[in-house]
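K.L.:
A predicted structure for the sequence below; I have some questions about it.
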Amino acid sequence: MSKVRQTIGIDGHALPILPPERDPRVWAKLVRVLFYTPGFLAMLLLKAGEPEAFGITVELLMLSSAAAIVGGLFIGTESSGAGADRSSQIGTWSGALVLELLAVVPLLCAIPALFHQLAHSRLLHAVAPGALDISLGASEMLPMVAILPFMLYQLAGFGTLGYIVGKRVNWAINIGILCLIIASYVANREGAYGLEKRFAAILVVVMALTVFYGVLKLRQMQMTYDAKCSSKGSQIDRKAA
């Protein structure tokens, strides 16, 4: 039976609330999925789409694929044994943050526009004589439903971001993600590809800055925890892991 992690430091003040221990093997498997899937979708779009409808979709998919590799680098440094330093202690948490914000978010932003482009591709759907042009209508919104469980993942305390920023900031960031994804998709449907690129660019910049801040904040939290945690508390923490 695992014991509770120490919450009060040797100075009598509360210790930073670090994310729970996570299995690096699970995240490593997710790295493979997030590397191959967006890359395949990007190639599919390049093969079957129309250049004027690309927008920033291909760039978002390639960012998602590349970010998965970077996340894997962070996860690969995870270590709690002999010789482990403060950076290696937060390897999985940092990798999870990269995957959540720079791999999953761009993928969620790209998927609705990708589906719209493929559904209306003149190359895939050549109009035959006498064929009926059936509009998908509101069903085109179905791929966007994947955003909702992601929001639940973040706001219900499963995500890494919730341990780095306050509750209000966490809500603000995730609501901003939702609004920018919707705005980017609407701009793509309306053919306003310039606006789509702006919304997507803002989304990516905000995610990159958040990841940069988050990794440094996690390292600072770990340093504070190690400095103020008693040796007895450290042993309890290792048993709980």
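P.N.:
Great, that's in hand.
K.L.:
Tell me the predicted confidence for the residue nearest to residue 80 when sequence neighbours are not counted.
P.N.:
Spatially, and ignoring its direct neighbours in sequence, residue 80 is nearest to residue 89 (6.3 Å; C-beta to C-beta, 6 or more residues apart in numbering). The C-beta positions use only the backbone N, C-alpha and C, and glycine is treated the same way. Residue 89 is assigned 84 on the pLDDT scale.
K.L.:
Report all helices and strands that the longest helix along the chain contacts.
P.N.:
Looking across the chain with DSSP state H, the single longest helix is helix 193-228. For helix 193-228, the elements it packs on are helix 57-76, helix 86-89, helix 91-98, helix 105-119, helix 167-189, judged by 3 or more C-beta pairs under 8 Å, 6 or more residues apart in numbering; DSSP states H and E.
K.L.:
so who does the residue nearest to residue 80 touch?
P.N.:
78-80, 222 (C-beta atoms under 8 Å, 6 or more residues apart in numbering).
K.L.:
If we use 10 Å, what do you get?
P.N.:
18, 77-80, 218-219, 222-223, 225-226 (C-beta atoms under 10 Å, 6 or more residues apart in numbering).
K.L.:
ditto for residue 70
P.N.:
So residue 70 contacts 31, 94-95, 98-99, 102-103, 211 (C-beta under 10 Å, 6+ apart).
K.L.:
what's the spacing between it and residue 32?
P.N.:
Separation of residue 70 from residue 32 (C-beta to C-beta, to the nearest Å) stands at 14 Å.
K.L.:
Can you report phi and psi for residue 21?
P.N.:
Phi and psi for residue 21, reported as degrees, to the nearest 10, are phi -60, psi 140.
K.L.:
what's the distance between it and residue 92?
P.N.:
According to C-beta to C-beta, residue 21 and residue 92 sit 8 Å apart.
K.L.:
Now for the two: what residues contact both?
P.N.:
Overlap of the contact sets of residue 21 and residue 92 (by C-beta under 10 Å, 6+ apart) consists of 78, 80.
K.L.:
If any of the contacts of residue 70 are buried, give me the ChimeraX selection for them.
P.N.:
Listed next is the ChimeraX selection for buried residues among these, using 16 or more other C-beta atoms under 10 Å:
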select :31,94,95,98,99,102,103,211
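K.L.:
now, which of the contacts of residue 70 sits nearest residue 84?
P.N.:
Nearest to residue 84 among the contacts of residue 70 is residue 94, at 14.1 Å by C-beta to C-beta.
K.L.:
Run a quick check on that closest one versus residue 211, I expect a contact.
P.N.:
Yes. Look at residue 94 against residue 211 with C-beta atoms under 10 Å: they come within range, at 8.4 Å.
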